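[1] Predicted model and sequence below, questions to follow.
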Amino acid sequence: MISVSNLTKVYGQTLAVDNISFEVGKGQIVGFLGPNGAGKSTTLRMLTCYMPPTSGGAKINGHDIFFESQKVRENLGYLPENCPLYTEMKVHEYLDFRGQLRGMDRASRRKRMDYAMERCWLTNVRNKTIGHLSKGYRQRVGLADALLHNPPVLILDEPTVGLDPTQIRETRKLIKDLGGEHTLLLSTHILPEVEAVCSHAIVIAGGKIVAQGSPDELRSSRRLQARVLVECKGPAKEVETALSHVSGVANVEILNGDTGADKHYVTAALRPKEAYDIREEVARTIIQHGWPLREIRLEHATLEEFFVQVTANQAIANAAKASGGAA
Amino acid sequence: MNRAYVIARRELSSYFFSPIAYVAMTLFLLICGVLFWNDFRPGQPAAMRTIFDWMVWLLVFIVPVLSMGLLAQEWATGTIETMMTAPIGETDMVLGKFVGSLLFFVVLLVPTLLYVVLLRIYAHPDYGPIISGYLGIILVGALFISIGLFFSSITRSQVVAAVSAAAVLFLVTIVPWWAGSKATLAGFWRKAADQGVFNHYTDFSKGIIDSGNFIFFVATTTVFLFLTVKVLESRRWK
C-alpha cells in the first residue's frame, strides 16, 4: 500500500531524511517512531505530496508521489501535526467544505459526514464553532476530515499529542478499529502508543531507520532480557551472596540497601543467564534462609529501553561522524 | 475550477467572521459618506466622479487590510498543509482566494449604491459615468487585491503583508499622481508617471471605457496572481 524507496530530503545544508526505505502492507497499522526532530514529519510531508523529496521516491496505493501527486492525494487522508483547522467554521460546515474540495457529491458527502462524525464522536458538537472546541475535539475534527472520503491510506502525524488520558485511550481505540479497513501510518514519540496500537514499528533517528519490526521483535532483537525483582527482609550482604548462588542467576544488584524508612527490607534485581525462569529457585532459597518475602516479580524489557538504546547509539554515531568530518 | 469556487465561497463567508473586515468596511463607508455629504448639495453636479476618485485613495489603505490574511494566515496556522494535501492545485487555491476577496470587495461597494438612489431622488444623474465608474473601481479593487494577495503569500505575518502591500499601492497610485502634477517632469519619468494606477483609472470615472485602460488592469492583476501561484509552488523547490 505504501512503498518507500531511498527517500531523501535535504534542507539547505541539513540532511533531514537520509535514504530511507520501507513497506507498509494493506490493512497494517505502522508506527513511525522517533525522537523529536528525527525526520518523521518531513517523511510524512513527502508522502502526502506537500513537499517533494530531494531524491528517491514512494508509491501510495500504486501511485507515484512525484508524478501522480493528484491521484496520491485522492487516495489518502492526512492529519498534519498540530491539526490546523479553519477555526471560524462550524464542525459540519468544515467537513462539508472539505468534502466539496474533494469533489464529493451532496449525497455521498452527507452519508460520509454522518459516518465520520459518528466514528470520531463528533455528532453532539456538529453545530459548534471549531474555535470554541477543546484540543481533543479539534483533533477529532481533523481525524474525521481525514476519514471523510474513505481513503485506503491514512497518514496521521502525532494523532494523540495534547490530548488528555481518556481522549488518548479513545483515539487509540479508534485508530485500532480503523486498521484492517484502512492502511495506517502514524508518527509518534510516545512508546506505549506503538505497543498499544501498532502491528509494526519503524524506528527513525537522525533521519535514518535504525530498526523495524513488530513491537515484540524489537524488544527481543537487542537481547534486552527480563529481570526478576525480589523484595525480602534480611541483611543486604547476605541476601546478595545467597541469591547470586542460585543456579541460573547471572548477576544480582541490590537496588536499596537496608537504609531508608523501610530499612529491614532489601530490593534486589536479578538477571537470569538465559531465557530461563528463575523465580521458583529464588523463592526456595529465600524461604530456606527464613527471610520474610514480600514480593517476587518478573519484569519484561520495555520498548522504552530499546528506544533509548537505539536512539542513543544513533546520537553517538552522529556525534562521531560530525567530529570526524570537522577534523 | 469547481474547487476554486468552493474555496472562494469559504473565503467570502470567512470575512463575515472577521472583526478586522468589519472595521475596514465601516471606515470605508464612513469616509465615503462624509465625502458624498460634502458633495451632495444644490449647485453641485449630480455625479459621483469626485467620490469615485476619492475611493481609489481610500482603497490604497483599505484593501491591504482585507487581503493581508488571505495566505499569511494559512502559513501561520498551518492550514495551508491541509489544503495543499487535498487534491487541489495551487492555481485553484490562488484563484479561490482572489475571487472570494473580490466578492467581499463588491459587497463593500453595495451600500454606496444608496448615493445613486439619493441622486435619482433629488436630481437627474447621468448613469453612464456612474456605471463605468463602478466598473473602474472594481478593476482597481481587483488589481489591489492581487497585489495584497501576493504580499500575503510571501510572509507568515499579517502585519508585514499589510504594510508592504500598502507601501507598494502607495508607490503605484499616489506617488505617480503627485509626480504627474508637476509640470517640470519630462522624458522617462513623465512616461512612468503616466502609467500610475490613478491615471488609468480617471477615464472610467469620467465615463470613458478605454480598452487600453481595461487591458492595463486585467494584465497587471494577472501578473500578480501568476506570481502568487509561483510563490505557493516554490515550497516544492526548496
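    Perfect, I can see it now.

[2] and the helix or strand hosting B:Phe150, average pLDDT?
    B:Phe150 is part of helix B:127-153 when elements are defined by DSSP states H and E. The average pLDDT within helix B:127-153 is 95.

[3] Quick one: list the elements packing against the helix or strand that that helix is followed by.
    Later in the chain than helix B:127-153, the nearest helix or strand by DSSP H and E is helix B:158-180. Applying 3 or more Cβ pairs under 8 Å, 6 or more residues apart in numbering or on different chains; DSSP states H and E, we find helix B:158-180 packed against helix B:49-67, helix B:69-77, helix B:127-153, helix B:187-194, helix B:197-206. Every residue, glycine included, has its C-beta placed from N, CA and C.

[4] Which residue would be the closest one in the stretch 201-327 of chain A to chain B?
    Of all residues in the stretch 201-327 of chain A, the one sitting closest to chain B is A:Gly207 (16.8 Å; Cβ to the nearest Cβ).

[5] For that residue, list the residues it contacts.
    Contacts for A:Gly207 (Cβ atoms under 8 Å, 6 or more residues apart in numbering or on different chains) come out as A:Leu15, A:Ala16, A:Val17, A:Asp18, A:Ile20, A:Ala38, A:Gly39.

[6] Residue numbers of chain B in contact with chain A?
    B:2-3, B:6-7, B:10, B:14, B:17-18, B:77-79, B:81-89, B:235-236, B:238 (Cβ under 8 Å from any Cβ of the partner chain).

[7] Buried ones among these?
    Buried members of these, scored by 16 or more other Cβ atoms under 10 Å in any protein chain shown, are B:3, B:6-7, B:10, B:14, B:77, B:79, B:81-89, B:235.

[8] Inside strands: which ones of those?
    Of those, none are assigned to strands by DSSP state E.

[9] Give the rounded mean pLDDT of stretch B:34-52.
    Taken as a whole, stretch B:34-52 has a mean pLDDT of 83.

[10] Quick check: buried residues in it?
    For stretch B:34-52, by 16+ other Cβ under 10 Å, it's B:Leu35, B:Phe36, B:Asp39, B:Phe40, B:Ala47, B:Met48, B:Arg49, B:Ile51, B:Phe52.

[11] ok, residues contacting that stretch?
    By Cβ under 8 Å, 6+ apart, stretch B:34-52 touches B:32, B:54, B:112, B:115-116, B:118-119, B:122-126, B:129-130, B:133, B:136-137, B:204-206.

[12] Show me which of those residues are buried.
    Using 16+ other Cβ under 10 Å, the buried ones in these are B:32, B:54, B:112, B:115, B:119, B:125, B:129-130, B:133, B:136-137, B:204-206.

[13] Let's see the lowest-mean-pLDDT helix or strand in chain B as CSV, backbone CA atoms only.
    Ranking every helix and strand in chain B by mean pLDDT, DSSP states H and E puts helix B:187-194 at the bottom, with a mean of 82. Extracted in CSV, the C-alpha atoms of helix B:187-194 (Å, rounded to 0.1, in the frame of the first residue of the first chain):
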residue,chain,number,x,y,z
GLY,B,187,11.0,62.3,-20.5
PHE,B,188,11.1,58.8,-18.9
TRP,B,189,9.8,59.9,-15.6
ARG,B,190,6.8,61.6,-17.2
LYS,B,191,6.0,58.4,-19.1
ALA,B,192,6.4,56.4,-15.9
ALA,B,193,4.1,58.7,-14.0
ASP,B,194,1.5,58.3,-16.8
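
[14] before we move on, back to that, now, among the buried residues of stretch B:34-52, which is nearest to A:Gly56?
    B:Phe52 (57.8 Å; Cβ to Cβ).

[15] measure the nearest residue to B:Ser164 once chain neighbours are set aside to B:Met68 for me?
    Nearest residue to B:Ser164, sequence neighbours excluded (Cβ to Cβ, 6 or more residues apart in numbering or on different chains): B:Phe151, at 4.8 Å. As judged by Cβ to Cβ, to the nearest Å, B:Phe151 and B:Met68 stand 8 Å apart.

[16] what secondary structure does the closest residue to A:Cys83 other than its chain neighbours sit in?
    Of all residues not flanking A:Cys83 in the chain, A:Gly142 sits nearest, at 3.9 Å (Cβ to Cβ, 6+ apart). State at A:Gly142, reduced to three classes by DSSP: H, G, I helix; E, B strand; the rest coil: helix.

[17] give me the low-pLDDT residue ranges for chain A?
    Chain A contains residues with pLDDT under 70 at A:220-225, A:257-263, A:274-276, A:301-305, A:314-327.

[18] One more: chain B?
    B:1, B:238.

[19] Pick out the residue nearest the middle of it.
    B:Gly141 (2.1 Å; Cα atoms, centre = their mean).

[20] Cheers, nothing more for now.
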